[in-house]
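Asks: Fold the following and give me the result.
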Amino acid sequence: MTATVLTFQVLLPLTLLAWLAFLPAGSLVGFVMQAAGIGIFLFALAKVGQWAVPVWWLPLVYGALWLVALVAWPLKSNLAGLPLLPSGLSAWLFLALSILLFGIGGWFGTRALIGRSEPPVEVIDIENPFGPGRYLVGNGGSNAVVNAHVKTLDASIERFRRWRGQSYAVDFFGLGPFGLRAKGWRPTDPSAYAIFGAALHAPCAGEVVAAEGGMPDFLVPEQDQVNRLGNHVILRCDDVEIVFAHLQKGSVRVSSGDSVATGDRLGEIGNSGASTEPHLHIHAQRPAPAGAPPISGEPLALRINGRFLVRGDRLTGHNW
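Replies: This is a model prediction of the structure:
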């Protein structure tokens with residue numbers, strides 16, 4: 001994970017920005033395509049990447065640096081003396097690279113924007129389940145480019161059928177000082193993460209149909225691939241189930257059969273189950289058929305406080 005993040009969220013953007021700033025194309029067409037290709041590619045990275053690591057606002061810095069390089073180019077170039085088209089093999093190769101960046105960035109950027117549209121399923125409105133704090137969406141949206149859970153819609157993969165209810169789930173990280181989600185790059189201690197121990201409240205009135213609070217919180221990146229939900233609460237509101245997973249051991253305050261009102265405390269967020277690091281998993285589904293796995297029901301989408309949340313969105317907690 002660390003190598004991937006450093007490559008695609010630090011080294012690659014900085015390399016592209018340095019190319020634009022210090023080795024601008026020597027022709028008008030070449031520079032326009034260079035700037036456009038890099039700009040579109042950085043936009044796609046901003047929308048597709050999970051920016052909990054290193055920090056959510058880093059794409060804004062990259063965008064500002066791109067704009068500075070774009071504005072500075074005509075100030076340090078003799079525009080009147082520039083040829084229209086590239087000259088020489090290397091210049092044409094750089095133009096081809098710019099076009100490739102434009103194509104890749106355009107495809108992924110467009111898919112990320114499409115993923116912001118609500119999926120073709122019923123969308124359930126709930127209240128904000130968080131107590132005070134700031135939270136970042138790590139997975140969310142209507143396609144796999146921005147939401148890894150969507151791949152569980154593939155019924156041809158047997159193991160995905162057991163988890164199908166989570167197909168439009170939303171995962172949240174916490175945000176601490178300076179927008180950092182943890183004290184350190186990827187500390188092993190779950191308590192070093194901003195979301196660990198954050199309060200979770202019922203976002204709708206209903207009945208608790210399942211609750212588990214005795215499973216351990218793991219050190220990062222250990223996880224339980226068998227008991228994937230870990231400590232969890234499944235809350236049935238009318239004919240819809242809202243599933244909350246990866247809660248903190250000993251924090252769950254409700255039991256199966258309890259009736260809860262909107263805003264009642266359910267527990268605290270932890271790092272139990274199949275959790276790569278402390279976060280809250282929440283999804284909506286129809287109740288699973290009798291005898292079927294608990295999160296195999298028909299998947300539904302969520303709006304929280306009227307927002308269909310997508311990767312990279314931020315949410316401020318509620319003062320219950």
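Asks: for this structure, what's the longest helix?
Replies: Longest helix in the chain by number of residues, with DSSP state H as the criterion: helix 89-114.
Asks: List the buried residues in whichever helix or strand comes after that helix.
Replies: Past helix 89-114, heading to the C-terminal end, the next element that is a helix or strand (DSSP states H and E) is strand 123-126. Of the residues in strand 123-126, those buried by neighbour count under the rule 16 or more other Cβ atoms under 10 Å are I124, I126. Placement of C-beta: from N, CA and C, glycine included.
Asks: what's the following helix or strand after strand 123-126?
Replies: strand 134-139.
Asks: So what touches that next one?
Replies: For strand 134-139, the surrounding residues in contact (Cβ atoms under 8 Å, 6 or more residues apart in numbering) are 50-52, 56, 146-149, 169-175, 181, 195, 279-280, 309-317.
Asks: starting at the chain centroid, how far to the longest helix of the chain?
Replies: Its chain's C-alpha centre and that of helix 89-114 lie 24 Å apart, by Cα atoms, centre = their mean, to the nearest Å.
Asks: quick one: average pLDDT of it?
Replies: Across helix 89-114, the average pLDDT comes to 97.
Asks: again, but for stretch 9-24
Replies: Over the span of stretch 9-24, the pLDDT mean works out to 96.
Asks: Drop anything exposed from the contacts of strand 134-139.
Replies: 50-52, 56, 146-147, 149, 169-175, 181, 195, 279-280, 309-313, 315, 317.
Asks: Without its sequence neighbours, what residue ends up closest to M33?
Replies: S98 (4.1 Å; Cβ to Cβ, 6 or more residues apart in numbering).
Asks: Determine the number of other residues adjacent to that neighbour.
Replies: When neighbours are counted by other Cβ atoms under 10 Å, S98 registers 25.
Asks: who's in contact with A199?
Replies: With Cβ under 8 Å, 6+ apart as the criterion, the residues that contact A199 are F130, G131, P132, R265, E268, W320.
Asks: could you dump those residues to a markdown table with neighbour count?
Replies: Below are those laid out as a markdown table (neighbours: other Cβ atoms under 10 Å):
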| residue | neighbour count |
| --- | --- |
| F130 | 24 |
| G131 | 17 |
| P132 | 11 |
| R265 | 16 |
| E268 | 22 |
| W320 | 16 |
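Asks: So for these, which is the shakiest by pLDDT?
Replies: Across the contacts of A199, the member with the lowest pLDDT is W320, scoring 81.
Asks: And the helices in the stretch 101-250 of the chain?
Replies: Listed from the start of the chain, the stretch 101-250 of the chain has helices (DSSP state H, counting those that start in this stretch) covering 158-161.
Asks: Tell me where it has strands.
Replies: Assigned by DSSP state E, counting those that start in this stretch, the stretch 101-250 of the chain shows strands spanning 123-126, 134-139, 170-175, 199-201, 206-212, 231-237, 240-247.
Asks: Looking at the ones you listed, spot the one closest to T110.
Replies: Comparing these against T110 with Cβ to Cβ, the closest turns out to be strand 134-139 (19.2 Å).
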